[in-house]
Structure formats: structure tokens, C-alpha cells
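Visitor: Test case, fold it:
(chains A and B)
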Amino acid sequence: MKKYLLIPAILAAAALRMAAQDAQAPDAPVPEARRDVRFAVAVIDDATVYSGLQERLPEVLNQLLVEPTVTFRYKPALSLSTSLIGAEDRYSDTWTELRVKEAYAGLSAGDFDFMAGRRIVRWGTGYAFTAAGVLDPPRMATNPTDRLNLNQGRDMVKADFVHGPHALTLAWSTAALAPAAANLHEVNLHDTAAFRYNVLARGFDTSLIAGDDRGGDAFGALAFTRVLGEAWEIHGEAAWREHEAILLGGKYTTAKGITFLGEFYTPPNIAFYRDATVSPLAGRQHSLFLNAGKNRLRELPGWKQWDVSASAVANLNDHSLTAIFDATRRFGNHISTYVHMEAPVGRGKSEYGATPYTAATSVGVRFQL
Amino acid sequence: MSSSMYNTCSNRMNFVLRVLLLTMLFGFLLTCALVSHAATTAPAPAEVEAMLKRSDSYRNGWPSYVLHVKITSFEGAKADEEKLYEVSQKGTEKTYVEFLSPREKGQHLLMLGDDMWVYLPDTSRPVRITPLERLSGDASNGDVARTNYAADYDPEYLRTEKVGADECHVLKLTAKRKGATYQQIVYWVRVDDDRPVKAEFHLTSGKLIKSATFDEFASVAGHAQLRRMTLYDEIRRNSHSVLEYSGIAPRELPDKLFYQGRTDRF
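Guide: Okay, the predicted model is just below:
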């Protein structure tokens, strides 16, 4: 080969070889990314109209909520997550606040996971009530899903060990940093140390919980869920804190996708469980929750984007109840509108009859990105 | 009657009887030939199970892998909605699905054998769901999360049949347990390479609820993998969903990713 062609030939060959190495083979699998970010933001504009107010209060509450969530993961070990609630409320006056729903750092090492920060943790298996959810945010039976995402987590450090179907969790939560009235009806925050053993065996997802509230009670609890056949799910909780608290529930799904849910709950009438509207002298309470609903009314032409449900929560001791109706309509992938209606019924001093209005109707728009 | 006439009638009768006997004999021999041919060409049960496993490998190319699924639902010819999922699969029993669409962002799904949990941001905890709750939408959670037929179904060989240009084995799959998404599937796989061609899905009652065509395949790291399938709603005939698979890659997935009580979802 002539010498003046040799160097360009060598360079051309090298360039081709590098191009072949750089170009991914057409059927090569996608490599795993070390860093990954998940981001979501929800904006909710909610207006609630109160009817039959028994106190001199405005009839309309308007809430504008902006709820961003960001999670950063540096695989395989580190994760950082935060979820905020920016709220502007207009009622008797206008106020704006920023709440930290969650903000925590996580570290994963083998079978161990460690977490520190503010986190929502739910150990209870109940839908409207909980006896074993010792770290759970307060559960309102008339709003079990926290539809506006207003609950905040508890500040804690937590360690999990997961091996096969077994998991051990140790958590210590402090009340020192919790803002006043951090959660609706939250009056019993203590520094809490809790331990949970969770196992999936023969279809039973079972948890044993034990712990202690600093300056309060020691407690123990058992919780389980089980699916039976194609359509039934049962769940239950039993807890001991001075006295026993029991929850039993079940869910049935029809072939057409309609879900029926029922729960019976009986807590002792102690400060930890007592609702603010129930007298300390009232004794043990018994409550019932019933729900029927269907997501995506596919069978009805034009109703595919609708979810509807109806619920009732009743205090069996004072015979008061609240009836609840929810309907949601989705528009595309980002927007949904909803109606939420509550109608309490009962004598003036009963748990639900003491509610200072005869009906509350909320309508809202939710935008999610 | 004269003897000659008698002989003529007798001869005719004999002729008719001989023709009838020969026809029956020929028909009997033909039937035997057809039956024995069918018996000798039907595969043995072990071969049918191997056929099903080879067919599963087009959707489960590795023991542990990750992929993305895009489901586009159509009402008539119009695209109605689009959903995105990231699916992590380990073995035949463990599936973890992350919902990536804006409407469902934050939701997760976990399947361990027959047990399934949905994690909803509203509840901030895993919620146990029943097999009937899996059947939601044109493409159900089970269609996304449960794709290993050899683990969930007992196969029975039915026949061979031509579908378009492909000669196919037709298998009847019967659910091994009540937790399976569908109780019965009729499944067509190519004779040449056991590649899935189409399927019909039935409930416990025998009612046909969905059908599917396996439309497109592509090679990933030397494995031919399903890229696109279409699910047809046999009840609401104008609805169908297109499932597109991408980002398929083998991964080492830790067992604790598939722990039912874990709330440290991404």
C-alpha cells in the first residue's frame, strides 16, 4: 500500500471501529440508570357549602391546594423524598400555610432499609377505622381516604429488615417537632417507640405490633388481611391499650366490579381513641361503616370516566350516622372533577348529630401532572 | 314366477348387497385411518407443556427483568386513554408494577402468587385486592402483571389450525388455581417456533370476555420478545386496547422489592 494512503486508512479503520463500539447493538437491552427522579404535582380547588348551620359561621369554605411530590433515587442505596402541601383557605378569613406532608431520606443496605424524617406510616388494615395503627395519621370515618391529602406524617427514624415473607420494623417517632394541630383531631401525640413483625403465611398477611408511648401507655396489637376465593377479602385488628379495641371488616366484589365494604369497630372510651364529640362518661363505643362503590362505570355508555360510591358511618350507641356520597368524573389524563356530600343525622349530643350543619357539599377540580 | 326371473332378482339383490357391504367396509376403514392419524399426531402431554413454556419465553425472556408497558385504549377507532406502567418481574410468582400515567401516578401493584396488593397514595398503605378486582378496564391488572401461562394453567392439546399464513397448535389452558386472572384460555401458537398468535379468554362460567392477538415481536439480546399485542373486549365489541412493550432488560431485582408491606415505593 502506498504510504500516503496508510495513515488515512488507519484513521478510517479506527473511526469505524469506535463507531461500532459506540453504537448500541440494535437488540441490546436498555441499561439501568443509576439516578432516577419521580415528580408529581396536584392542584385542587375545593369549595364546600354548609347547609343548616347551627352556629354563626360562613356557609362557604374555599380551599386551594398545591401538592408537589419529588422523589430522587440514587441506586441502589439512597433515596430522598418530599411531599408538600401549600394551602390557601378562605372561610371566616383567608390564611395560607405550607405543610410538610413527608420529607425523608432512605438508605438501603442488603436486607435492611433505614429511614429518617417525616413519613406517613400506616400499620392498620382498616378502611374507616383502626385499632392497630399506632403510627397512623388519625383516620376520619367520614373521610377515610383523606381526599384532599391534608394528613401529615410523623417525624421518625425507622429500620426495616425484610427477608422472604418476613419483615421486622423498628420505629421511633417523636412528637417534639410536630406542629400544633398537625393533623385533624390529633391531640394524643407522644414520643412513640414501636416494633412490628409482619409475615405472609398461607394467604394471611399478619402483623404483630408492640410499643410504648413515652408518658403514656404500652400497647400491643394484631392485624391481618386475607382473600377468600375470587370475590371476598376479610381484615381485622385487635389492640390492647388499657382495654381492648377490636375491628372486623370485609369486602365483596361482584362480577360487574361493584365493591361492597363493611367494618365493625369497638374501641374503649379512653383518651387515645375518644372522639371529641363523645363524652368521657359514655363508655365503650361501637361503630359501623358501610360502603358500596364502582370505579369506571364501563357498562353504561358514556359513563366510563365516572367513579361513584356511597357510604354510611354510624355510631351504634347513640344511633347517629353520617351518609356520604362521592362521584368523580375524569377528563383526559390530567383533570378530574368531583362531588362529595355528607349529611349527618342524630340527636344534638350524639357523635354525628353534634356536627354543626345538616349537610356539607363539596365540589372541586383536580389537576394532576 | 319362472326360475329365470327368480334367478335375475336374486342376482340383483346379491349385487346390491355386495355394493352396500363394500361401501360400509370402505367407510369403516377410512374412519379408522382418520382416527389413528389424529391419535398419532397429537403431542404427548409433556410436549404440550414444553410448548407452552417455549411460548411464555416470548413474554418472559429472563428469570428477572424489567419492562415498560404502554396501554392505549380505543373506543371504536378513536384513542380513548393512554396508560404507562413499569413492570418488574422475578420468577413466575413475583410481579411489581409502578403506574406512571399522570392520572395514576403514585400507585403501585404487587402480585405474589395468588395474592395482590394495590398501593394507593390516598390510603398511604398497601390494600389487599381480590381476583375480581383485578379485572378492571379493557386491559386488566392481570393482563399486565400476570403473563406466565405455564405457571398458572394446565394445557390440553386441541388441534392444529391455520391462522392467516401460520399453521398453529391450538391449546386449551385451564387455570390451576382460583387466583388466575382467567379461568380458561384458548391459545394459538405457531407450529414452527411456538410463538403466540392469538388467544381467547374465558371466565369461570365459560363466558368469552376478551380475545387477543400477538402482533409484533422484536429481538432483545438474542431473545425474540413480544413488542405489541391487542386485547379485544368481547362484551363491549367496539373497545380494544393495544399493549406496547419497550425497555425490556434483564435485571437483578432484590426480594424486598416484592415485600407486601413495603411502603417505600419509589
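
Visitor: Give the burial count for residue A:68, as a bare number.
Guide: When neighbours are defined as other CB atoms under 10 Å in any protein chain shown, residue A:68 has 16 of them. All C-beta atoms are positioned from the backbone trio N, CA, C, and that covers glycine.

Visitor: Quick check: mean pLDDT of the helix or strand it falls within?
Guide: Using DSSP states H and E, residue A:68 sits in strand A:60-74. On average, the pLDDT along strand A:60-74 is 89.

Visitor: Quick one: low-confidence residue ranges for the stretch 151-300 of chain A.
Guide: In the predicted model of the stretch 151-300 of chain A, residues A:178-188, A:298-299 satisfy pLDDT under 70.

Visitor: can you tell me if the strand holding residue A:68 touches chain B.
Guide: Yes - applying CB under 8 Å from any CB of the partner chain, one finds strand A:60-74 touching chain B at A:69, A:71, A:73.

Visitor: Hmm, residue A:35 and the second one touching each other?
Guide: No - with contact defined as CB atoms under 8 Å, residue A:71 and residue A:35 do not form a contacting pair (11.6 Å).

Visitor: and these two? which has more neighbours close in?
Guide: Using other CB under 10 Å, the more surrounded residue of residue A:71 and residue A:35 is residue A:71, with 21 against 9.

Visitor: hang on, residue B:46 in a helix?
Guide: Yes - under DSSP: H, G, I helix; E, B strand; the rest coil, residue B:46 falls within a helix.

Visitor: And it, how close does it get to chain A?
Guide: As judged by CB to the nearest CB, to the nearest Å, residue B:46 and chain A stand 30 Å apart.

Visitor: On the pLDDT front, check that residue for me.
Guide: 84.

Visitor: Any idea how many residues pack against it?
Guide: Around residue B:46 there are 8 other residues, counting by other CB under 10 Å.

Visitor: picking up where we left off before, mind listing what the following helix or strand past the strand holding residue A:68 pairs with, with the direction of each?
Guide: Downstream of strand A:60-74, the first helix or strand assigned by DSSP H and E is strand A:78-90. If you go by DSSP bridges, strand A:78-90 pairs up with strand A:60-74 (antiparallel), strand A:94-109 (antiparallel).

Visitor: Which residue ranges of the chain form helices?
Guide: No chain in the question, so chain A it is. A:3-22 (DSSP state H).

Visitor: try chain B instead
Guide: Going by DSSP H, chain B shows helices at B:3-41, B:45-56, B:131-134, B:141-145, B:149-152.

Visitor: contacting residues for residue A:176?
Guide: By CB atoms under 8 Å, 6 or more residues apart in numbering or on different chains, the contact set of residue A:176 is A:155, A:191.

Visitor: can you give me phi and psi for it?
Guide: As for residue A:176, its main-chain torsions (degrees, to the nearest 10) stand at phi -60, psi -30.

Visitor: got a list of what the one residue sitting closest to the centre of chain A touches?
Guide: Centroid-nearest residue in chain A, with CA atoms, centre = their mean: residue A:145, separated by 6.4 Å. Residues in contact with residue A:145 (CB under 8 Å, 6+ apart) are B:120, B:122, B:123.

Visitor: how about the residues of strand A:60-74 next to chain B in JSON lines, adding distance to residue A:114?
Guide: Shown next, in JSON lines, are the residues of strand A:60-74 next to chain B (distance: CB to CB, whole Å):
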{"residue": "A:69", "distance to residue A:114": "21"}
{"residue": "A:71", "distance to residue A:114": "16"}
{"residue": "A:73", "distance to residue A:114": "15"}
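
Visitor: And residue 110, what's its pLDDT?
Guide: All of this refers to chain A. Looking at residue A:110, its pLDDT reads 86.

Visitor: wait, I meant chain B there
Guide: Looking at residue B:110, its pLDDT stands at 89.

Visitor: quick one: least confident helix or strand in chain B?
Guide: helix B:141-145 (a mean of 64; mean pLDDT, DSSP states H and E).

Visitor: how many neighbours does residue A:156 have?
Guide: The burial count for residue A:156: 21, using other CB under 10 Å.

Visitor: Not counting its neighbours along the chain, what's nearest it?
Guide: In space, and not counting its chain neighbours, residue A:156 is closest to residue A:173: 3.8 Å by CB to CB, 6 or more residues apart in numbering or on different chains.

Visitor: for residue A:332, same thing?
Guide: Nearest one to residue A:332, counting by CB to CB, 6+ apart, is residue B:81 at 7.7 Å.

Visitor: and the one you found, how many residues sit next to it?
Guide: With other CB under 10 Å as criterion, residue B:81 counts 19.

Visitor: so it sits right up against residue A:296, yeah?
Guide: No - judged on CB under 8 Å, residue B:81 makes no contact with residue A:296 at a distance of 10.4 Å.

Visitor: returning to that earlier point: residues contacting the residue nearest to residue A:332?
Guide: A:332, A:333, B:72, B:73.

Visitor: Going by neighbour count, which of these comes out on top?
Guide: residue B:73 (20 neighbours).

Visitor: now for the contacts of residue B:81, which pair is the farthest apart?
Guide: Maximum pairwise distance in these, criterion CB to CB, is 13.6 Å, between A:332 and B:72.

Visitor: still on that earlier bit, may I see the buried residues of the strand holding residue A:68?
Guide: Neighbour-count burial for strand A:60-74 flags A:61, A:62, A:63, A:64, A:65, A:67, A:68, A:69, A:71, A:73 (criterion: 16 or more other CB atoms under 10 Å in any protein chain shown).

Visitor: Okay, and the beta partners of the fifth one?
Guide: This points to residue A:65. residue A:44, residue A:87.

Visitor: okay, now residue B:153: neighbour count?
Guide: The number of residues near residue B:153, taken as other CB under 10 Å, comes to 23.

Visitor: Now it: closest residue in space, sequence neighbours ignored.
Guide: Nearest residue to residue B:153 in three dimensions, chain neighbours excluded: residue B:173, at 3.6 Å (CB to CB, 6+ apart).

Visitor: Output the set of residues of the stretch 101-250 of chain B in proximity to chain A.
Guide: B:101-103, B:105-106, B:112, B:114-116, B:120-125, B:128-133, B:135-137, B:178, B:203-204, B:218-222, B:236, B:247-250.

Visitor: Filter these down to the buried ones, ChimeraX style.
Guide: Selection of buried members from those for ChimeraX, criterion 16+ other CB under 10 Å:
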select /B:101,102,103,105,106,112,115,116,121,124,125,128,129,130,131,132,133,135,137,203,220,248,249,250
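
Visitor: if we look at the sheet, which residues does the residue of the stretch 51-200 of chain B found nearest chain A bridge to?
Guide: Nearest to chain A in the stretch 51-200 of chain B, going by CB to the nearest CB, is residue B:125, at a distance of 3.7 Å. Residue B:125 forms beta bridges with residue B:120, as assigned by DSSP bridges.

Visitor: Good, we can wrap up now.
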